[in-house]
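Undergrad: Structure here, sequence nowhere to be found:
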């Protein structure tokens, strides 16, 4: 990264997050109206693609607005939400929802399985709708590039659902590092206990075909994915294990845990990615356990970085140079550790519990003066952007490039050896066969947007 690019990124985090820089076209009430933005005092009309599970909590996070439509193929999973909103129109297929309700919708929550995120977001953005999309935003590098470009092209307000980006601790971690309190950071170790006991990953048997439940529209659930028989191995939760539908623990947790390093260290594209350890590798799912190394070049005044991702841990990792007996991350074995030239910082899963190590150092430590404005909350941050405020902190211009480098880790788990990444060309140069995983295989005839 050049000094100019580095300064630009400092400007984004120091000013844009502070709300000092208006987004393009936000200068007047007239321009807000033309762009489809509401005034701060108006309520948004929000549609939800995915009404059960995480969709339910996303809807609750936006309950100050009007909920006007649902698209969910799983009646059983969405039943609680449907009961709460009995008069809201319900659809199985989000495309039919747009056909019927487009004129009634201002913004869309995308809270369905990972494989539908990109298509659902694209259908919304190309129709001028603001989008809040759950992590990991998309499942492939190509899709990340597409949604990033579309958000810029259509000028809509966007946010990825990695709520740690709005956490006070994430901002404090960035400020500690930017203040030089631990020196240049040369290593990050980030870890999670998932998949662990949360969902099975690594079976050596194909998913067993069964009859489709009467409460599920299997074809609508598949959406853009290539057709295959229904199996309870996929629905409602275990789809995360399968590359056609999910991204493993990286998709579930890395957007949270790596969000703080991405912000604090102003990460761009890595030069290489390698899965240096894996257990339970098989042809159906991601491995049961993996350790992945990402190498990032120097960025402005920040030194080159080695970032390690560990998943499915049963105990916190042993990291050279980190004092033994200290709690790393949070007690649930999720978090990150920043190794600096003159100190160490650790944070929990969502950027919370930011502290120096050893913990005793915090007794006499004073946090540096705040550089970043404190967030009103992740949903409110997006809702404010939808009503003409500053861009949300994890809008797609931030989230897209972040997810793009993160998802290279899912490819590293499927290919042996180190992947050399040419970010300018968008290609893996060391293993040409790995490039097939950059873009998903869509079902025949599917319209992406």
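TA: That came in fine, so what should we check first? In this text, all values refer to a predicted model and were calculated from it rather than measured experimentally. Numbering: from 1, shown residues only.
Undergrad: List the buried residues for stretch 149-156?
TA: If you call a residue buried by 16 or more other CB atoms under 10 Å, then stretch 149-156 has these buried ones: 150, 151, 152, 154, 155, 156. Yep, even glycine has a C-beta here, placed from its N, CA and C like the rest.
Undergrad: So residue 427 sits against residue 437, correct?
TA: No: in this structure, residue 427 is not within contact of residue 437 by CB atoms under 8 Å, at 11.9 Å.
Undergrad: of those two, who's got more company?
TA: Neighbour count, other CB atoms under 10 Å: between residue 427 and residue 437, residue 437 has more, with 21 against 13.
Undergrad: shouldn't the more buried one be in contact with residue 412?
TA: No: Residue 437 lies out of contact with residue 412 (CB under 8 Å); the separation is 9.8 Å.
Undergrad: Show me the protein divided up by domain.
TA: Domain assignment for the chain by automatic domain parsing gives 19-165+378-396, 168-373+405-437.
Undergrad: Any idea how far apart the tips of the longest one sit?
TA: Meaning domain 168-373+405-437. Using CA to CA, to the nearest Å, the end-to-end distance of domain 168-373+405-437 comes to 36 Å.
Undergrad: Tell me which residues are up against stretch 440-449.
TA: Applying CB atoms under 8 Å, 6 or more residues apart in numbering, the external contacts of stretch 440-449 come out as 115, 118-119, 122-123, 125-126, 139-140, 142-143, 146, 150, 222-227, 244.
Undergrad: out of those residues, which are buried?
TA: If we count by 16+ other CB under 10 Å, those have these buried: 115, 118-119, 122-123, 125, 139-140, 142-143, 146, 150, 222-225, 244.
Undergrad: Give the full set of residues in contact with residue 267.
TA: 261, 296, 299, 305, 307, 402, 405.
Undergrad: thinking again about what came up before, can you flag the weakest of the domains of the chain by average pLDDT?
TA: Per-stretch mean pLDDT for these is lowest at domain 19-165+378-396 (a mean of 90).
Undergrad: quick check, distance from that domain to the centre of its chain.
TA: Relative to the centre of its chain, domain 19-165+378-396 is centred 14 Å away, using CA atoms, centre = their mean, to the nearest Å.
Undergrad: And stretch 395-406, by the same measure?
TA: 8 Å.
Undergrad: Any idea how far stretch 276-285 is from the middle of the chain?
TA: For stretch 276-285, the distance to the chain centre is 23 Å (CA atoms, centre = their mean).
Undergrad: Start and end of that stretch, how far apart?
TA: End-to-end span of stretch 276-285 (CA to CA): 18 Å.
Undergrad: which residues sit in contact with the residue nearest to residue 449 when sequence neighbours are not counted?
TA: Counting by CB to CB, 6 or more residues apart in numbering, residue 449 lies nearest to residue 122, which is 3.8 Å off, once chain neighbours are set aside. Going by CB under 8 Å, 6+ apart, residue 122 touches 146, 147, 150, 448, 449.
Undergrad: Distance to residue 444 for the domains of the chain - can I get that in JSON lines?
TA: Shown next, in JSON lines, are the domains of the chain (distance: least, CB to CB, whole Å):
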{"stretch": "domain 19-165+378-396", "distance to residue 444": "15"}
{"stretch": "domain 168-373+405-437", "distance to residue 444": "8"}
